[in-house]
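>>> I need the structure of the sequence given here:
(2 chains)
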Amino acid sequence: MTETETGTAPTGTPPTGIAPRTGSGARVELAGIVKTYGDVRAVDDVSLTVEPGQFLTLLGASGSGKTTLLRIIAGFVEADGGRVVLDGRDISQVPVHRREIGMVFQNYALFPHLSVAANVAFPLEMRRVRRRDRAALVERALEAVQLAGYGRRSPKELSGGQQQRVALARAIVARPPLLLMDEPLGALDRRLREAMQIEIRRLSRELGLTVINVTHDQEEALTMSDRIALLAGGRLVQYGTPEELYGLPNSEVTARFLGESNLFRGPVRHEGSEAVLALPHGRILVPGDARGEGEAVVVVRPSAIRIRPAGTGPSRPAVSEMPGVVSADIYAGDSRKVLVAGADGAELVVRCESGAPLPCAVGDEVVLEWDADSCHIIPGAA
Amino acid sequence: MRAGPGVRVFACLVALVFVAPTLIVAATAVTSGSMVAFPPNGFSLRWFEEVLTDPEWLTALGNSVQVGLLAAVLAMVAGTSLAFAAARGRFLPPSLVTGLAVLPMTVPLVVAGIGFYLVYIRVGLSGSVLSLGLAHAVLGLPFVFVNVLAALTGVDRRVEEAARVSGATETVTLLRITLPLVAPAALVGGVLAFVSSWDEVVVALFLNTPQFRTLPVVMWSQVRSGVEPSISAVATLITLVSLVMAALVLLGPALLKRIRRRT
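Predicted coordinates:
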């Protein structure tokens, strides 16, 4: 993140051969974007700023408004309110074809009747780049996505991954200050997707591009992004670095969306120097400063939880505890996932190392315990 | 699923029933006698020679070709435009446009013929390539419309959006991306429109004058004064042209693909 935070372009000639534009990536400001369809507020007052060269992921379930927001930035959808500001210039009223942005679509959206080279050359042609300069730029863009020499092929002859690379080359060939990606990897299989994630990230760093990526895949968001904007019901729920969203979720929505988590909600009760959640079962410590009375939500990640057989004492002092019955033990390669039916009825998830023997079997009564400081309190829930 | 022997025999019989009259007509055309008879009396191409040297037939042939081409071109332009209006239009409801565009298919030819006749008399447009070409364009329009509409529905909107975001205006996107993508469908529709004009006799009869007659009209009037093998020869020629056109439609796309791959 450090290199992108400053927004400086990489020095020297990038290996891709595509020289970054002076200042390279654009600074994107969204101010109070609103879009309603009938009674539905598809995008509900979203404001955020992306610094030059940053990779932002708009993350959310389907219907969260992420795609609508991206289409507003691209100019395909006109917002009912708010402004899209690119490098200080309000482009809300600028038509799509004059916004000078690159875009990658989920289904590649290549021009099926044009060759690969003609596809990649299209934005250059539209921007009136001289014909003799085009070929070299096209070849460099194809090199950048490792498809040098594929120019004369038809898109139909290429595999899905290759088609997506062509789409990427077409999106960056004119060196736009902003690259939009609409679930670009959704149609690819897992291995290819991971390879493309790394490649897109490398390319966007080398070109100093500002990227806004839309996905519902939390893993993709965590891997690729400098910033994540989590959307739900059209609203911006949380905006921050991947570490912040994963480690310090500010809401139940974030905690549930990013990674597995166990949530406990209840009124806070003070017991001497400690604060605990007043629940009928277990004993859940509320860490940090003693919070006032009222509700709190405690988030515990599955890997922070230890399992011990019922009837044994805590392994160390000052741990939170929750009794339950093991309902499933799922082997997942490098880890195993244990599902426990908590005494309060909720299903709890525990992740253990797959090598270590499990101190219990399915059907056993157990106690889950975790250190008070390895959980997180959702602020504002109180 | 493989067809059983029973199904195959049945299919062959049905095909034979369809094809037999055409084959018999073709057989009567190559007779060396001067009567239409089946089986033919010897073999010769003299009736084809007679037809292709007779100025009346040749004029009619020329008229038919011109009318067919004009009808095909007009139908392609109008049918494609209407298909865009139905698929992408913002002003008229798509169902209305579709209903209007396929209307010529449902109107009885006799009714259409009378209609064209009355209107063309009124506006002084009768007995010419232009008048019949216009009428046949209307009749051929649905072929183009249906084809192009299907192709347009298959064009991914995101492909057009990709062009827009690449810097193309709506017009440029239409010309460079959308139209080329539906052009093959429009062409197929155009060929079908040509074929429908090529053997259309009802409307052509209403709009014919002694100076302007197409092949089917001349055939019709000759048949009324007695059947000669020359009629069979013309019928065979008409059928051959239609067959070639049908083959173009059916095999054209595959051929084009092969040619494109080679270059």
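>>> Report the distance from the helix or strand encompassing A:Met196 to the chain centre.
Secondary structure assignment for A:Met196, by DSSP states H and E: helix A:190-207. Centroid displacement of helix A:190-207 relative to its chain, using CA atoms, centre = their mean, to the nearest Å, is 14 Å.
>>> swap in stretch A:272-292?
On CA atoms, centre = their mean, the centre of stretch A:272-292 falls 32 Å from that of its chain.
>>> Check the average confidence over that stretch, would you?
In this model, stretch A:272-292 has a mean pLDDT of 76.
>>> circling back: ok, and does whatever helix or strand comes next after the helix holding A:Met196 reach over to chain B?
Heading C-terminal from helix A:190-207, the first helix or strand you meet, by DSSP H and E, is strand A:210-215. No. For strand A:210-215, no contact with chain B is found by CB under 8 Å from any CB of the partner chain; the gap never falls below 12.9 Å. The way it works is simple: take the backbone N, C-alpha and C, and place the C-beta from them, glycine included.
>>> So what are the sheet partners of strand A:210-215 and their directions?
If you go by DSSP bridges, strand A:210-215 pairs up with strand A:55-59 (parallel), strand A:178-182 (parallel).
>>> Spatially, which residue comes closest to the residue in the stretch 51-200 of chain A that chain B sits nearest to, not counting chain neighbours?
In the stretch 51-200 of chain A, the residue that lies nearest chain B is A:Met126 (3.2 Å; CB to the nearest CB). Distances taken as CB to CB, 6 or more residues apart in numbering or on different chains put B:Gly167 closest to A:Met126, at 3.2 Å, once the chain neighbours are dropped.
>>> Quick check: phi and psi at the one you found.
phi 110, psi 10 (degrees, to the nearest 10).
>>> what does B:Ala254 give?
Dihedral angles (degrees, to the nearest 10) for B:Ala254: phi -60, psi -40.
>>> cool, and A:Leu48?
phi -160, psi 160.
>>> who does it bridge with?
As for beta bridges, A:Leu48 partners with A:Leu30 under DSSP bridges.
>>> That one: neighbouring residues, count only.
For A:Leu48, the count of nearby residues is 16 (other CB atoms under 10 Å in any protein chain shown).
>>> ok so, going back, any idea which of the strands paired with strand A:210-215 is most buried?
strand A:55-59 (a mean of 27; mean count of other CB atoms under 10 Å in any protein chain shown).
>>> pLDDT weak spots in the chain?
No chain was given, so I picked chain A. A:1-23, A:288-293, A:379-382 (pLDDT under 70).
>>> Hmm, no, I was thinking of chain B.
Within chain B, the ranges that satisfy pLDDT under 70 run B:1, B:260-263.
>>> Near chain A, which residues of it? Just list them.
Residues of chain B lying near chain A (CB under 8 Å from any CB): B:156, B:158-159, B:161-169, B:172, B:176-177, B:180-181, B:260.
>>> make it 7 Å
B:156, B:158-159, B:161-169, B:177, B:180-181 (CB under 7 Å from any CB of the partner chain).
>>> Of these, keep whichever come out buried.
Applying a neighbour-count criterion of 16 or more other CB atoms under 10 Å in any protein chain shown, the buried members of the residues of chain B next to chain A are B:158-159, B:161-168, B:177, B:181.
>>> Show me where the stretch 51-200 of chain B has its helices.
B:55-88, B:94-106, B:109-123, B:129-154, B:157-165, B:170-173, B:179-198 (DSSP state H, counting those that start in this stretch).
>>> for the first one, the distance to its chain's centre please.
If I follow you right, that is helix B:55-88. Distance, centroid of helix B:55-88 to centroid of chain: 8 Å (CA atoms, centre = their mean).
>>> What residues sit buried inside it?
B:57, B:59-61, B:63-76, B:78-87.
>>> Over to the second one?
Of the residues in helix B:94-106, those buried by neighbour count under the rule 16+ other CB under 10 Å are B:97-98, B:101-102, B:104.
>>> if I pick A:Leu30, what's in contact with it?
A:46-48, A:82, A:84 (CB atoms under 7 Å, 6 or more residues apart in numbering or on different chains).
>>> oh sorry, the question was meant for B:Val65
With CB under 7 Å, 6+ apart, B:Val65 has no contacts at all.
>>> I'd like the distance from it to B:Met76, if you could.
17 Å (CB to CB, to the nearest Å).
>>> cool, B:Ser64 as well?
Applying CB to CB to B:Ser64 and B:Met76 gives a distance of 18 Å.
>>> How about B:Pro5?
Distance, B:Pro5 to B:Met76, using CB to CB: 44 Å.
>>> Please name the nearest non-neighbouring residue to A:Arg98.
B:Gly167 (7.5 Å).
>>> these two touch, right, that neighbour and A:Arg127?
Yes. In this structure, B:Gly167 is within contact of A:Arg127 by CB atoms under 7 Å, at 5.2 Å.
>>> picking that back up, want to throw the strands paired with strand A:210-215 into CSV with distance to A:Arg316?
Formatted as CSV, the strands paired with strand A:210-215 follow (distance: least, CB to CB, whole Å):
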stretch, distance to A:Arg316
strand A:55-59, 36
strand A:178-182, 46
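>>> Which of the helices or strands spans A:Tyr331?
strand A:319-332.
>>> Could you pull out the buried residues of that strand?
Within strand A:319-332, the residues that count as buried by 16+ other CB under 10 Å are A:319-320, A:322-326, A:329.
>>> between those residues, which is nearest A:Leu263?
A:Met322 (11.9 Å; CB to CB).
>>> Reformat the buried ones among the residues of chain B next to chain A into JSON lines and put distance to B:Val123 next to each item.
JSON lines is the format used below for these (distance: CB to CB, whole Å):
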{"residue": "B:Arg158", "distance to B:Val123": "46"}
{"residue": "B:Val159", "distance to B:Val123": "43"}
{"residue": "B:Glu161", "distance to B:Val123": "45"}
{"residue": "B:Ala162", "distance to B:Val123": "47"}
{"residue": "B:Ala163", "distance to B:Val123": "42"}
{"residue": "B:Arg164", "distance to B:Val123": "43"}
{"residue": "B:Val165", "distance to B:Val123": "48"}
{"residue": "B:Ser166", "distance to B:Val123": "47"}
{"residue": "B:Gly167", "distance to B:Val123": "46"}
{"residue": "B:Ala168", "distance to B:Val123": "41"}
{"residue": "B:Ile177", "distance to B:Val123": "39"}
{"residue": "B:Leu181", "distance to B:Val123": "38"}
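>>> which two of these lie the greatest distance from each other?
By the measure CB to CB, B:Gly167 and B:Leu181 form the most distant pair in those, at 18.9 Å.
>>> Would you mind giving the domain segments of chain A?
A:2-101+A:176-254, A:260-378 (automatic domain parsing).
>>> Out of those, which one sits most buried?
domain A:2-101+A:176-254 (a mean of 19).
>>> which strands and helices sit next to the helix holding A:Met196?
helix A:160-172, helix A:218-224 (3 or more CB pairs under 7 Å, 6 or more residues apart in numbering or on different chains; DSSP states H and E).
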